[in-house]
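**Student:** coordinates only, sequence not included:
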């Protein structure tokens with residue numbers, strides 16, 4: 001059971017479980033109880049989507065992970081490739097079932113159909129990432145594709161309750177996009193040796209130092225998106241204090257980046273993303 005959960009990446013599933021209801025909460029101004037069925041179905045759909053995508057990714061990365069991550073379920077032979085493939089199809093089927101069910105119950109909302117469109121776009125990005133044109137092997141293009149999928153979860157959650165036009169969700173999704181993009185670049189720095197001959201990543205093209213500098217610039221873009229809802233609304237400027245933990249984690253990454261502590265930086269970026277999402281939620285609760 002632990003191996004199957006690890007294959008789905010539990011930390012990524014938690015992020016999906018948080019961001020879908022959060023996107024809906026921004027639209028409903030925190031009053032999500034009445035739409036809990038829709039939100040629950042679409043949250044499960046996203047979690048299963050993320051799980052299926054991660055399983056597909058591990059199947060595709062089987063040879064790379066033998067060197068880079070030998071303790072993962074597939075290279076360690078805890079789970080066979082055939083069993084993992086079947087598992088991914090089960091996850092996809094359940095995810096689509098939840099998507100369709102959630103869309104059916106949300107037909108009273110304007111633009112309810114956008115959830116299906118966003119899901120379809122995410123599927124295209126996922127398939128093109130691993131299978132064709134294999135953006136994963138293109139380095140930065142693959143990083144952007146993955147980050148778009150992660151950021152789309154916020155928009156997906158909002159669209160499930162008719163909130164696609166809410167400007168706040170676009171700033172929040174911007175934070176998620178840029179922090180995840182920075183993390184993907186740093187992970188490529190971490191895996192530069194294992195990726196050789198398999199992918200053409202940004203660190204391979206411009207070097208480790210310049211890639212880490214680029215990641216920090218991307219982090220600054222995330223900070224801009226983090227700030228905007230408190231400057232332009234709907235939040236009050238004083239409520240920016242709720243983002244203090246996330247801001248501190250992000251602006252103090254320059255030291256570890258300079259030292260080349262890629263694993264530490266990657267972990268802190270994930271923490272900062274979660275803290276940022278919590279910081280957006282707190283003003284609606286106080």
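**Tutor:** Done, it's in. Keep in mind the model is a prediction, meaning the values are calculated, not measured.
**Student:** Okay, buried residues for the helix-or-strand element of the chain with minimal mean pLDDT please.
**Tutor:** The least trusted helix or strand in the chain, going by mean pLDDT, DSSP states H and E, turns out to be helix 62-68, with a mean of 75. Under the neighbour-count criterion of 16 or more other CB atoms under 10 Å, helix 62-68 has 64, 65, 68 buried. C-beta here means a position set from N, CA and C on the backbone, and glycine is covered the same way.
**Student:** for it, packing partners?
**Tutor:** Using 3 or more CB pairs under 8 Å, 6 or more residues apart in numbering; DSSP states H and E, the elements in contact with helix 62-68 are helix 192-195.
**Student:** Outline the domain layout of the protein.
**Tutor:** 1-165, 166-286 (automatic domain parsing).
**Student:** Can you flag the weakest of those domains by average pLDDT?
**Tutor:** Note on the domains of the chain: domain 1-165 shows the lowest mean pLDDT, a mean of 87.
**Student:** first to last residue in that domain, what's the distance?
**Tutor:** This stretch, domain 1-165, spans 41 Å end to end (CA to CA, to the nearest Å).
**Student:** Just the buried residues of stretch 34-48, please?
**Tutor:** Those would be 35, 38, 39, 41, 42, 43, 44, 45, 46, 47, 48, for stretch 34-48 by 16+ other CB under 10 Å.
**Student:** I misspoke; the intended subject was stretch 97-107.
**Tutor:** Quick answer for stretch 97-107 (16+ other CB under 10 Å): 98, 99, 101, 102, 103, 106.
**Student:** what does that stretch contact?
**Tutor:** 35, 37-38, 41-42, 44-45, 48, 112-113, 115-116, 119, 160-162 (CB atoms under 8 Å, 6 or more residues apart in numbering).
**Student:** ok so, going back, between the buried residues of stretch 34-48, which sits nearest residue 223?
**Tutor:** Nearest to residue 223 among the buried residues of stretch 34-48, counting by CB to CB, is residue 46 at 25.8 Å.
**Student:** how much space is there between that closest one and residue 16?
**Tutor:** Plainly put, residue 46 is 5 Å away from residue 16 if you go by CB to CB, to the nearest Å.
**Student:** So for the two, which residues contact both of them?
**Tutor:** Contacts common to residue 46 and residue 16, judged by CB under 8 Å, 6+ apart, are residue 153.
**Student:** Which residue ranges of this structure form helices?
**Tutor:** 2-8, 10-28, 36-60, 62-68, 81-105, 114-130, 140-159, 167-190, 192-195, 202-206, 208-231, 244-251, 254-259, 262-285 (DSSP state H).
**Student:** Which strands and helices lie in contact with the shortest one?
**Tutor:** Secondary structure elements in contact with helix 192-195, counted by 3+ CB pairs under 8 Å, 6+ apart, are helix 62-68, helix 202-206.
**Student:** And the third one, by the same measure?
**Tutor:** Applying 3+ CB pairs under 8 Å, 6+ apart, we find helix 36-60 packed against helix 2-8, helix 10-28, helix 81-105, helix 114-130, helix 140-159.
**Student:** and these, which is most packed in?
**Tutor:** Burial of these is given as mean neighbour count (mean count of other CB atoms under 10 Å); helix 140-159 ranks first at a mean of 24.
**Student:** Run the angle between it and helix 36-60 for me.
**Tutor:** 160 degrees (axes from the mean of the first three to the mean of the last three CA atoms, to 10 degrees).
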